[in-house]
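Undergrad: This is the structure alone, sequence omitted:
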């Protein structure tokens, strides 16, 4: 048989290269998949480690939400109090301050109520009857969108709820919720602080806790929760500044921007609407950040709001 025409070196090189492409593509795909798996596992592991290290329920909630936000486009943490879901923290929105202490009656949000009652994850349409008209408006949910709800079940009750939307990796968030629930279950139940039983002396005359109207009591309780959340986030996200401020007895100088922002929100949200309001933010800063030693706040600290 006569030998075939000889191939030019260039053609031979091209054919060899083309024949190797499928193998290289498979190799690149496998390497990319393994790298994605490692990155996902590392991210999940770091989130679990941070959740397990949370010292109390406030920091646990903040840590859980930050972890959930890494596995979704946006996420919010609701605290459940009776028949109301209180939005304490939110991630993935331009102006988180606009959502401060938003209260959603469960009667107006069937999906939230269902997740709490069933203690199971719930996927819901972004309809006013499912998640409330207020959340639809504030989060600008599309009419045909979906949200994902993950209850945190602690001692057979649901004290918190994760609300996620957009691109959501539900299995990861559900797992984080289970880890947080286990950590939460190990945290001793807090005893009510004195200011929950009897309101500390307030500027307004004659305003004992028992004598307050129910609506006014609720404002005080919201103000207390707001103060605890703000200070917990300072401890969590600005831990180095907290330690430095305590050591130098100048917490206000170390955390001035965060403290001033929280004071302004507290003033507008609570002092403006309640004559008997107490500066719970000042009380929480003194108790939690300054370890009950006001001198640690520093000489430049402006003191309680008036």
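TA: Noted; the coordinates are in hand. All values reported here derive from a predicted model rather than from experimental measurement. Numbers count the residues shown, from 1 in each chain.

Undergrad: From what I see, residue 225 and residue 87 are in contact.
TA: No: counting by C-beta atoms under 8 Å, residue 225 does not reach residue 87; the two are 10.9 Å apart. (Each C-beta comes from the backbone N, C-alpha and C, glycine too.)

Undergrad: Looking at these two, which has the bigger crowd around it?
TA: Neighbour tally, residue 225 and residue 87, criterion other C-beta atoms under 10 Å: the higher count belongs to residue 87, 21 against 17.

Undergrad: The closest residue in space to that one that isn't next to it in sequence: how many residues sit nearby?
TA: Excluding the flanking residues, the one nearest residue 87 by C-beta to C-beta, 6 or more residues apart in numbering is residue 102, at 4.1 Å. Residue 102 has 17 neighbouring residues, counting by other C-beta under 10 Å.

Undergrad: how near is residue 102 to residue 129?
TA: 18 Å (C-beta to C-beta, to the nearest Å).

Undergrad: Let me see the contact set for the residue nearest to residue 87.
TA: 86, 87, 134, 135, 138 (C-beta atoms under 8 Å, 6 or more residues apart in numbering).

Undergrad: May I see the residues you listed arranged in a markdown table, with distance to residue 78 and pLDDT as well?
TA: Output for these, formatted as a markdown table (distance: C-beta to C-beta, whole Å; pLDDT from 0 to 100):
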| residue | distance to residue 78 | pLDDT |
| --- | --- | --- |
| 86 | 6 | 90 |
| 87 | 6 | 89 |
| 134 | 13 | 88 |
| 135 | 10 | 89 |
| 138 | 13 | 86 |
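
Undergrad: Let's see if you can find the most crowded of those.
TA: residue 135 (25 neighbours).

Undergrad: which SSE is the closest residue to that residue other than its chain neighbours in?
TA: Leaving aside its chain neighbours, residue 135 sits nearest to residue 104 (6.6 Å; criterion: C-beta to C-beta, 6+ apart). Residue 104 is part of strand 102-105 when elements are defined by DSSP states H and E.

Undergrad: So what are the sheet partners of that strand and their directions?
TA: When pairs are called by DSSP bridges, strand 102-105 turns out to pair with strand 84-91 (antiparallel).

Undergrad: quick one, helices of the protein?
TA: Ranges of helices within the chain are 9-52, 57-69, 110-118, 128-131, 133-139, 170-186, 194-197, 214-237, 239-248, 251-269, 280-284, based on DSSP state H.

Undergrad: Relative to residue 151, which of those is closest?
TA: Counting by C-beta to C-beta, residue 151 lies closest to helix 110-118 out of these; the figure is 4.9 Å.

Undergrad: residue closest to the middle of this structure?
TA: For the chain, residue 65 is the residue whose C-alpha lies nearest the centre (C-alpha atoms, centre = their mean; 3.2 Å).

Undergrad: What's the separation between it and residue 233?
TA: Going from residue 65 to residue 233 by C-beta to C-beta gives 10 Å.

Undergrad: Could you do residue 165 as well?
TA: According to C-beta to C-beta, residue 165 stands 22 Å off from residue 233.

Undergrad: Let me see the domain layout of this structure.
TA: Under the assignment automatic domain parsing, the domains of the chain span 57-186, 208-297.

Undergrad: For the first one, measure first residue to last.
TA: The reference is to domain 57-186. End-to-end distance for domain 57-186, by C-alpha to C-alpha, to the nearest Å: 10 Å.

Undergrad: Buried ones in stretch 250-257, by neighbour count?
TA: Across stretch 250-257, burial judged by 16 or more other C-beta atoms under 10 Å covers 250, 251, 252, 253, 254, 255, 256.

Undergrad: what does the average pLDDT come to for it?
TA: Average pLDDT, stretch 250-257: 92.

Undergrad: contacts for it?
TA: The list of residues contacting stretch 250-257 from outside it, by C-beta under 8 Å, 6+ apart, reads 234, 238, 241-242, 244-245, 248, 259, 285, 289-290, 296-302.

Undergrad: Narrow those to those that are buried.
TA: Buried residues within those, defined by neighbour count using 16+ other C-beta under 10 Å: 234, 238, 241-242, 245, 259, 285, 289-290, 296-298, 301.

Undergrad: Rebuild the helices of the chain as CSV, extending it with distance to residue 155.
TA: Output for the helices of the chain, formatted as CSV (distance: least, C-beta to C-beta, whole Å):
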stretch, distance to residue 155
helix 9-52, 17
helix 57-69, 12
helix 110-118, 14
helix 128-131, 26
helix 133-139, 27
helix 170-186, 6
helix 194-197, 20
helix 214-237, 20
helix 239-248, 29
helix 251-269, 31
helix 280-284, 25
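
Undergrad: That'll do, ta.
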